[in-house]
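Student: next comes the sequence, and after it the predicted model I'd like to discuss.
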Amino acid sequence: MGTAANPTVVSLTAAHTHLDASYDLYFVGLSYGLAALGSFAALASATRIREHHGAKRLGWAAVTALALGGGGIWSMHFVGMVAYHIEVPVSFDLRITLLSLVIAVAVSGVGIWVVAADPFNTERLVRGGIFAGLGIAAMHYTGMAAMRTAGAIDYNPSLVLISVVIATVAATVAFWIAFHVGGIIRVLSASAVMAGAVCGMHYTAMAATRVTPDPSLYPQVGCDPFTLGILTTFGSTIVLIFIIVTALGGVTSPEFHVHRIWQDRIFVPSPRGGPVPDAPAATAARDPADHLGETDIAARDRRESTLPLRTLPRQQPATPPVMRR
């Protein structure tokens, strides 16, 4: 939020005495990009949760929550708020803004932990999605409460309800995708869909916002939204890239290498020797565990390493034919 020099905007129609609002399309695009990057990081790290047990499992769940709740949802939410312009000065209370970040990560973490329990079932998926969706809605409106401006803020109840429904559905779909989608093309597509759902919830909630000017109210001293938006973008991008590299194994993990992911998760050997992109049926035939949703290449390699080696029978020397008289 705030003022900017000649921003590229899309005007919104204000009702009654509510302030006119507009969106800076550059920040809108940036918010979608952060949501997509955060979704990809969450999908990449979610594949590691079921590889481990105990503290490591909990650690990867926390990383996934940070990627989804902090990077994919909260960062998008805050940058989207910076994209929103009204005709009065705006600033943010830093403490309440940080509280909204904590809420986003916490509810994502609880939802992921509920859904990730073995074996996967629909009941836990729905419970986790509802909990996370309600929490995400709470995060958004907590973030709005951090706004300081010379106006009274209220909300359109119908649009608030719609935004909560969208948040719940988006969270449920995101959790299902996180534990069922494999292959780089499908993961990228799923990230784009998840980002669209997150943005849909946010901008629906923003459409519910109505600011009525009030001369008796003065904006309190707070943080400049443009500065916070830039810092949030750079900080989130760095953290999310680090999560992606770590989840995919980078160059340090002995059990998870990028070239193995491309080879084993994306390409399946064809009968003629060439790669066949995204062939789930062939992958399932090669390893039934993949068909059941297991995408852990390292675990599969460990299973295969425990199988006894088959010994080929020795070839007996050829016996020369006996000449009969």
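Tutor: It's in. Since we're looking at a predicted model, the values are computed, not measured. Residues are numbered from 1 along each chain as shown.
Student: domain boundaries for the protein, per the record?
Tutor: Following the assignment in automatic domain parsing, the chain carries domains at 9-248, 258-302.
Student: is it possible to get CSV of the ones you listed that adds mean neighbour count and mean pLDDT?
Tutor: Where you see a C-beta, it was placed from the backbone N, CA and C, and this is true even at glycine. Below are the domains of the chain laid out as CSV (neighbours: other Cβ atoms under 10 Å; pLDDT from 0 to 100):
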stretch, mean neighbour count, mean pLDDT
domain 9-248, 19, 85
domain 258-302, 14, 43
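Student: contacts only, for the closest residue to V181 other than its chain neighbours.
Tutor: With sequence-adjacent residues excluded and distances taken as Cβ to Cβ, 6 or more residues apart in numbering, V181 is closest to A190, at 4.8 Å. A190 makes contact with S39, L43, I177, V181, according to Cβ atoms under 8 Å, 6 or more residues apart in numbering.
Student: give me the distance between A190 and I184.
Tutor: Between A190 and I184 the distance is 11 Å, computed by Cβ to Cβ, to the nearest Å.
Student: same question, M147
Tutor: Here M147 is placed at a distance of 39 Å from I184 (Cβ to Cβ).
Student: following the helix or strand V28 falls within, which helix or strand comes up?
Tutor: Element membership of V28 [criterion: DSSP states H and E] is helix 25-46. Following helix 25-46 in sequence order, the next helix or strand is helix 55-65 (DSSP H and E).
Student: show me what that following helix is packed up against.
Tutor: helix 25-46, helix 94-116, helix 225-248 (3 or more Cβ pairs under 8 Å, 6 or more residues apart in numbering; DSSP states H and E).
Student: helices and strands around the last one, which ones?
Tutor: Helices and strands touching helix 225-248, by 3+ Cβ pairs under 8 Å, 6+ apart, are helix 25-46, helix 55-65, helix 75-82, strand 90-92.
Student: so which of those comes closest to G235?
Tutor: In terms of Cβ to Cβ, the element of the helices and strands packed on helix 225-248 nearest to G235 is helix 75-82, at 8.3 Å.
Student: report the angle between the axes of the closest one and helix 25-46?
Tutor: Angle, helix 75-82 to helix 25-46, by axes from the mean of the first three to the mean of the last three Cα atoms, to 10 degrees: 170 degrees.
Student: can you check what angle separates helix 75-82 from helix 225-248?
Tutor: Using the same axes, to 10 degrees: helix 75-82 against helix 225-248 is 160 degrees.
Student: which residues touch helix 75-82?
Tutor: When contacts are defined by Cβ under 8 Å, 6+ apart, helix 75-82 is touched by residues 1-2, 24, 27-28, 30-32, 34-35, 38, 97, 100, 104, 139-140, 143-144, 147, 195, 198-199, 202-203, 206, 225-226, 228-229, 232-233, 236.
Student: for the helix or strand following that helix, packing partners?
Tutor: Going down the chain from helix 75-82, the next helix or strand is strand 84-86, by DSSP H and E. Counting contacts by 3+ Cβ pairs under 8 Å, 6+ apart, strand 84-86 is packed against strand 21-24.
Student: within its sheet, name the partner strands of the strand it packs on and how each one runs.
Tutor: If you go by DSSP bridges, strand 21-24 pairs up with strand 9-12 (antiparallel), strand 84-86 (antiparallel).
Student: can you pull out the helices in the stretch 101-250 of the chain?
Tutor: 122-145, 157-178, 184-207, 225-248 (DSSP state H, counting those that start in this stretch).
Student: perfect, I'm done here.
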